[in-house]
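Asks: My questions concern the predicted model and sequence given below.
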Amino acid sequence: MIPILGLAVGVLLGLFLHPTVPLGLQPYLPIAVVAALDAVFGGFRARLDRIFDAKVFVISFVSNVVVAGLIVFLGDQLGVGAQLSTAVVVVLGIRIFGNAAAIRRHVFRA
Amino acid sequence: MSEDSRDRPVPGAPGEEAGPTEDPAPTGDPAAVEEARPTDGESHEPEPTPDPPRASPPGAGPQRRRRDVMASALIGLLTLLLGFAFAVQVHSADSSTVLAGAREEDLVRILDDLNSREERLRDQISEQRTALEQLTNSDSQSATALQEARRRADAIGILNGTVAAHGPGLRMTVDDPTSAVRVEDLLDAMEELRGAGAETMQIGGVRVGVSTAVTGHPGHLMIDGRPITAPYEFLVIGSPQDMETAMNIPGGVVQRITGLGGSVHIVQVQDVTVDALRPLHTPQYASPKTGN
């Protein structure tokens, strides 16, 4: 319940405040969002598996975001930022798909 | 991948750290991590080493509740941040400021695209401009041609007698009380006037053109078949001085007609109007030869 509430409030805040993304953060924000989405999907799946752990969720959320951001940052330093961020998005997307498949199995038994 | 991520946590379920198993993935697999601790959140202890899942001592109740609240708050905060970032990113992705944070190579690509597009548009502009120039040119050319054609038509019309004309010239009145003036005398007068630079003329109200014929006999002279009566009035456009001199030369028109018993009265006029018209004769057999 709390995560859904948090998501809703966050989206509403973002919609109403219209903050501008700082320049230095702009390449990382989409990656961070995708990484966090991955963590959230994983957490949802763990909850359905009845093995949800708040600490694990928080740590995986933060570390997901940090590691994804670090990879992109590293890529930017190496001059392959665009490719690496694509790679990160692809990997995270595949994981989200996997988690979504697990969630689907739980929800629909199929 | 989905099979993998589904199956992997199950063997690792009994309370071991999942870290080593997910090294290949660049970011920790949260599902795997969470499944690696198959306990409910409340039983968790602060020690980094995994605890026996259901080993939490009963005396840790208040502490557990406190941790529960804190975890919930953290989760709420994180998801709130996620929602916020999501909304912000969605909003900024479709705004025009998206370029500001773009990478150098992306910017270079975008710049290239824009450059080639600009080039195409420039080409189009120059094409259109050339077309416009051509159209304007042909327009002005046709306007010039039209003006020229109109000028020629006027000149030919004046020569041919199909348009009225005015200008400096002579009014010459040939009186013929004895009906002695012959066809040749009128022809002589016309030829002399033309030789002196007459551009167009009319005699007794009949326009003289290139094919004008003088017929009849003294007293009943006709020009182009139309009878004229004495006194014959010549209205001539040309250089008044030259034409009067030409009329008055010894043995010329004036002397001859005077010798026949007539009289000639010449007046130089600054603005003679020759307004008798000849019908335009369209050639029946001749047609213009095209080409220069």
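Replies: Perfect, I can see it now.
Asks: in the stretch 151-292 of chain B, which ranges drop under the pLDDT threshold?
Replies: When residues are selected by pLDDT under 70, those of the stretch 151-292 of chain B lie in B:291-292.
Asks: Assign B:Gln141 to helix, strand or coil.
Replies: helix (DSSP: H, G, I helix; E, B strand; the rest coil).
Asks: Same question for B:Ile266.
Replies: Once three-state DSSP is applied, B:Ile266 turns out strand.
Asks: I'd guessed it sits against B:Gln241; true?
Replies: No. Contact criterion Cβ atoms under 8 Å: B:Ile266 and B:Gln241 do not qualify, at 11.3 Å. Where C-beta positions appear, they are placed from N, C-alpha and C, glycine not excepted.
Asks: Those two - which one has more neighbours?
Replies: B:Ile266 (18 against 13; other Cβ atoms under 10 Å in any protein chain shown).
Asks: so how far is B:Thr178 from the closest residue to that one other than its chain neighbours?
Replies: Nearest non-adjacent residue to B:Ile266, counting by Cβ to Cβ, 6 or more residues apart in numbering or on different chains: B:Met172, 4.8 Å away. As for B:Met172, its distance to B:Thr178 is 19 Å (criterion: Cβ to Cβ, to the nearest Å).
Asks: the more surrounded of those two?
Replies: B:Met172 (25 against 12).
Asks: that's a strand at the more buried one, yeah?
Replies: Yes. B:Met172 sits within a strand when classified using three-state DSSP.
Asks: Show the contacting residues for it.
Replies: B:Ala189, B:Glu233, B:Phe234, B:Val236, B:Met247, B:Val264, B:His265, B:Ile266, B:Val267 (Cβ atoms under 8 Å, 6 or more residues apart in numbering or on different chains).
Asks: got a winner among those residues for most neighbours?
Replies: Ranking those using other Cβ under 10 Å puts B:Val236 first, with 32 neighbours.
Asks: Figure out how far whichever strand or helix holds it is from the centre of its chain.
Replies: Following DSSP states H and E, one finds B:Val236 within strand B:232-237. Centre-to-centre, strand B:232-237 and its host chain are 52 Å apart (Cα atoms, centre = their mean, to the nearest Å).
Asks: same check, this time on stretch A:88-101
Replies: 10 Å.
Asks: swap in stretch A:8-21?
Replies: Between the centre of stretch A:8-21 and the centre of its host chain there is 17 Å, according to Cα atoms, centre = their mean.
Asks: Okay then, goodbye and thanks.
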